[in-house]
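Enquirer: need a 3D model of the sequence below.
(4 chains)
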4 protein chains.
Amino acid sequence: MIVLNGGSSSGKSGIARCLQAVLPDPWLTFGTDTLVDAMPAAMRASDAGIEFAPDGEVVVGPEFRTLEAAWIEGVAAMARAGARVIVDEVFLGGPASQQRWQKALDGVRVLWVGVRCESAAAAAREVARGDRVVGMAASQADLVHRGVFYDLEVDTTRSESMECARTIAAHVE
Amino acid sequence: MIVLNGGSSSGKSGIARCLQAVLPDPWLTFGTDTLVDAMPAAMRASDAGIEFAPDGEVVVGPEFRTLEAAWIEGVAAMARAGARVIVDEVFLGGPASQQRWQKALDGVRVLWVGVRCESAAAAAREVARGDRVVGMAASQADLVHRGVFYDLEVDTTRSESMECARTIAAHVE
Amino acid sequence: MIVLNGGSSSGKSGIARCLQAVLPDPWLTFGTDTLVDAMPAAMRASDAGIEFAPDGEVVVGPEFRTLEAAWIEGVAAMARAGARVIVDEVFLGGPASQQRWQKALDGVRVLWVGVRCESAAAAAREVARGDRVVGMAASQADLVHRGVFYDLEVDTTRSESMECARTIAAHVE
Amino acid sequence: MIVLNGGSSSGKSGIARCLQAVLPDPWLTFGTDTLVDAMPAAMRASDAGIEFAPDGEVVVGPEFRTLEAAWIEGVAAMARAGARVIVDEVFLGGPASQQRWQKALDGVRVLWVGVRCESAAAAAREVARGDRVVGMAASQADLVHRGVFYDLEVDTTRSESMECARTIAAHVE
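Expert: Sure thing, here's the model as predicted:
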């Protein structure tokens, strides 16, 4: 299992797709977006669910946490059932977020990867993408890495997704 | 857990979204599309993965089956971990497809729902949607229901998604 | 040229795609969404651009109107240059909206089509689609037809997109 | 009017969105995708329309050319009606493609911009994007620039979209 953690527009999804292309075996990729898309529309904009503040900050409520816990158990079960899984995550809670995954992944071999991108570069790419709430990239760029440990870190500020993917792939046995 | 089984363009996704809106608790929805989107791009058009024949027929290979088995285990684990889950499925293998889910869901309370739609109506809606390979709706309309058992069946040929969702919701305790 | 006017979730886009499938010649389809997608991201949520009120009401500002006027001229020019064009529109301003098109389309043969859908049915389909601001369907269902004249009206409340498309196609020479 | 010409995955769309963000006035952006999305589904895979060869080569037929000619006239009319327009194009026909636009844009002030990206970099980004036919980036990288003249060229191989957009914006009066 590979867990990619990085802020919005840091380039995680691109790296995940390149990893799927360069790794010899088939890997599944799931992200925070997979979970959010699975939730009821009402929860994406409610006190109990997920909220996007005008400055791009993301706030999640207790019902989100409950469903997320079950989601994490489910992805861990896929890994235990033999699937190679890449998780594309945003640890908004820093070490608390990582511990949620760690606990569920007990006994599963995991490569923890930090995907860094300088705040200004991520913010500019957020504008270029055009499909994200502006401000998320800047507000998350450093926050999500605080107190999180990694086996490996890549930085997309001056490296392409494919290059980062090859670096990560070299650490996958 | 609710498993909706029906052919392409039979209206399963619309019913799932309406169910999420009318059921009092929050439910997660996952579909075959969730799994296919998680797979490597190369597997969506390879002998080992999934193939769309020109007439809309879908053929899946052994590597698809392996990842699908892990996916099913994972979704079952989410249900066991307390999440309410709607699965939006296309049982291309009929009873063999259903048995794969049944085995993984042992001990989980499941409402099996057949989503029927007359072949001609589904084919016309496929044209109206404009985002599907033309021919899938017609080739799957009857096929996916052969030999499959249900707790409940709805028919979208002359009923709206919301109406079908209310019928299903009345069977959820 | 065919102009389809109807509220959000009344089924215009589905009818347009069915028309493209049943009409013998190739037709281009453009909609309000084409224009909105072409605008700067900042205009989609600003006083000068377009705004979605929490109840689904849409408000557009002066800069939107300026770009819209040029857009309408452009689409009219495509029709004059020989393209068969279907326009999928929401006449939020009723007769004022229609007059903007009429003026630009002077000399072009136009089939004006009203696409009706009962408010409750459109609102339920909006939930089933899951990709629209909830409330738009209900707030626009009647509003967009007030004071507008048509060569032909279809009602999707109890008719499928394909059926409506065939009715319209019979009026196209 | 700004015409951006470059191969698939060279970064044109990202530059266009950044231009919309940094230019003081509102600009509309239209691309080849806008036209292709407006066409009947059947034309996207027919002899008369557009075809994607397995190696990513794009072939267009006579009916595509007819609709494209009307489309170009329409976009030119929008510019004449006062809209500021960015066109995001792929000159598969090289100078012949440019002449089609030049003829229609007679009298309109145009900034012709070449968006270059080294073939290997574009091909890697195509994999990272995951939503394009693999092979298009490599086959188009040089082809689309042969015999085309520009007021300005940018290269995304080692420059970000925002940086290229600022360079272009400095040439817009």
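
Enquirer: verify the stated contact: residue A:52 with residue A:134.
Expert: No. Using C-beta atoms under 8 Å, residue A:52 is not in contact with residue A:134, being 10.5 Å away. The C-beta positions use only the backbone N, C-alpha and C, and glycine is treated the same way.

Enquirer: which one's more surrounded, the two?
Expert: residue A:134 (19 against 15; other C-beta atoms under 10 Å in any protein chain shown).

Enquirer: do you know the pLDDT at the more buried one?
Expert: Predicted confidence (pLDDT) for residue A:134: 83.

Enquirer: and what about residue A:171, helix, strand or coil?
Expert: coil (DSSP: H, G, I helix; E, B strand; the rest coil).

Enquirer: what does residue A:59 give?
Expert: Quick answer, by three-state DSSP: residue A:59 is strand.

Enquirer: correct me if wrong: it contacts residue A:49.
Expert: No. Counting by C-beta under 8 Å, residue A:59 stays clear of residue A:49, with 9.4 Å between them.

Enquirer: which one's more surrounded, these two?
Expert: Ranked by neighbour count (other C-beta under 10 Å), residue A:59 and residue A:49 place residue A:49 first, with 21 against 12.

Enquirer: in contact with that one: list those residues for me.
Expert: By C-beta atoms under 8 Å, 6 or more residues apart in numbering or on different chains, the residues touching residue A:49 are A:39, A:40, A:42, A:43, A:60, A:61, A:63, A:64, B:26.

Enquirer: pick the one among those residues closest to chain D.
Expert: Each of the contacts of residue A:49 was checked against chain D using C-beta to the nearest C-beta; the closest is residue A:39, at 23.0 Å.

Enquirer: residue A:66 should be in a strand, yeah?
Expert: No. Using three-state DSSP, the assignment for residue A:66 is helix, not a strand.

Enquirer: do you have the strands of chain A handy? List them.
Expert: Ranges of strands within chain A are A:2-5, A:28-31, A:50-52, A:58-60, A:85-89, A:111-116, A:152-155, based on DSSP state E.

Enquirer: can you say which of these is nearest to chain C?
Expert: strand A:50-52 (12.1 Å).

Enquirer: next to chain C, which bits of chain A? Give me the list.
Expert: Proximity of chain A to chain C, by C-beta under 8 Å from any C-beta of the partner chain, involves residues A:41, A:127, A:130, A:134.

Enquirer: which members of those additionally contact chain B?
Expert: residue A:41.

Enquirer: so what's the residue count around the closest residue to residue A:129 other than its chain neighbours?
Expert: Closest residue in space to residue A:129, ignoring its immediate chain neighbours: residue A:9 at 6.4 Å, by C-beta to C-beta, 6 or more residues apart in numbering or on different chains. Using other C-beta under 10 Å, residue A:9 has 25 neighbouring residues.

Enquirer: dump the residue contacts of residue A:9.
Expert: A:117, A:122, A:123, A:125, A:126, A:129, A:132, A:136, A:137 are the contacts of residue A:9 under C-beta under 8 Å, 6+ apart.

Enquirer: residue A:164 too?
Expert: A:11, A:15, A:18, A:115, A:154, A:155, A:156.

Enquirer: ok, residue A:165 next?
Expert: Residue A:165 touches A:15, A:18, A:19, A:21, A:22, counting by C-beta under 8 Å, 6+ apart.

Enquirer: so which of the residues you listed wins on neighbours?
Expert: residue A:15 leads these on contacts (other C-beta under 10 Å) with 30 neighbours.

Enquirer: pLDDT and distance to residue D:142 added to the contacts of residue A:164, as TSV?
Expert: Converted to TSV, these look like this (pLDDT from 0 to 100; distance: C-beta to C-beta, whole Å):
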residue	pLDDT	distance to residue D:142
A:11	95	26
A:15	98	27
A:18	97	23
A:115	98	32
A:154	98	30
A:155	98	30
A:156	97	26
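
Enquirer: near chain D, which residues of chain A?
Expert: A:11, A:13-15, A:17-18, A:21, A:121, A:124-125, A:127-130, A:160-163.

Enquirer: restricted to helices, list these.
Expert: A:13-15, A:17-18, A:21, A:121, A:124-125, A:127-129, A:161-163 (DSSP state H).

Enquirer: hmm, back to that, which one among the contacts of residue A:165 gets closest to residue B:77?
Expert: residue A:19 (24.0 Å; C-beta to C-beta).

Enquirer: I'd say residue A:8 and residue A:125 touch.
Expert: No. Applying C-beta under 8 Å as the test, residue A:8 and residue A:125 come out as separate, 9.6 Å apart.
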